[in-house]
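A.B. asks: coordinates for the following, if possible.
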Amino acid sequence: MTATKPSRTAEDRRQRKARQTRDALATAACDLILERGSAATTVEAIAERADVTRRTFSRHFAGKEDAALDFVRRDGDRINVLLRSRPAGEPPLLAYRRAVRDWLTDPEDPAWHVRPRMRRLLALAGTEPELFAAYQRIRVDAQEESIRIVAGRLGIDDARDVGPAAPRDAPAPVRDAPPRPGARPPPHGR
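C.D. replies: Just a heads-up that it's a prediction; the model follows:
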């Protein structure tokens, strides 16, 4: 007896259902953390609000902070997909800038800075250490992938050549500060 492969439609349906479950968990986590704060929000409460089991939550996320900040991971993934799709001959920095521009101007799936709930959650990350740590971990993962993509475009080994990582590693104190939605940079020269 030979095993049959699931149909393409069945795979698509499973992927769609998994994405819907993940989105429901992320939404529940974001809502509950905004309502109660991170310390008062439990994984069980998130799973209950999303109408799934604790085990299902654990299949999708390592913790409540990762779930609440899933939009950051998704946005990083989107930027990297856009970066990969840039023309091969385009200089890496220009390719990255254009990928970010395309992400920022996507009317179908707006970037976090135009979603009020996400802005509130990122502001909260500045005051809640566990949330901030998750934000940093997710952000660094996306940056590491961007570095691998840029290194590949340059035909170099990102583990041996620090060039693609230099922009990430340069102004660490400024870069690693918690995001402040709506904050404006100081005027030039200050």
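
A.B. asks: which stretches in this structure count as helices?
C.D. replies: 8-36, 43-50, 54-60, 64-68, 70-84, 92-104, 116-125, 129-154, 166-169, 172-175 (DSSP state H).

A.B. asks: buried deepest among the ones you listed, which one?
C.D. replies: Most buried of those, by mean neighbour count (mean count of other Cβ atoms under 10 Å): helix 64-68, with a mean of 25. Quick note: C-beta positions are derived from backbone N, CA and C, even for glycine.

A.B. asks: quick check: mean pLDDT across that helix?
C.D. replies: Per-residue pLDDT over helix 64-68 has a mean of 97.

A.B. asks: can you check stretch 34-48 too?
C.D. replies: 96.

A.B. asks: list of residues touching it?
C.D. replies: By Cβ atoms under 8 Å, 6 or more residues apart in numbering, the residues outside stretch 34-48 that reach it are 25, 28-29, 32-33, 53-54, 56-58, 63-65, 67-68, 117, 120-121, 124, 128, 130-131.

A.B. asks: any idea which residue sits dead centre in the protein?
C.D. replies: For the chain, the residue nearest the mean C-alpha position is Arg73 (1.4 Å; Cα atoms, centre = their mean).

A.B. asks: near Trp112, how many other residues are there?
C.D. replies: 19 (other Cβ atoms under 10 Å).

A.B. asks: pretty sure it contacts Arg119?
C.D. replies: Yes. Trp112 lies in contact with Arg119 (Cβ atoms under 8 Å); the separation is 7.1 Å.
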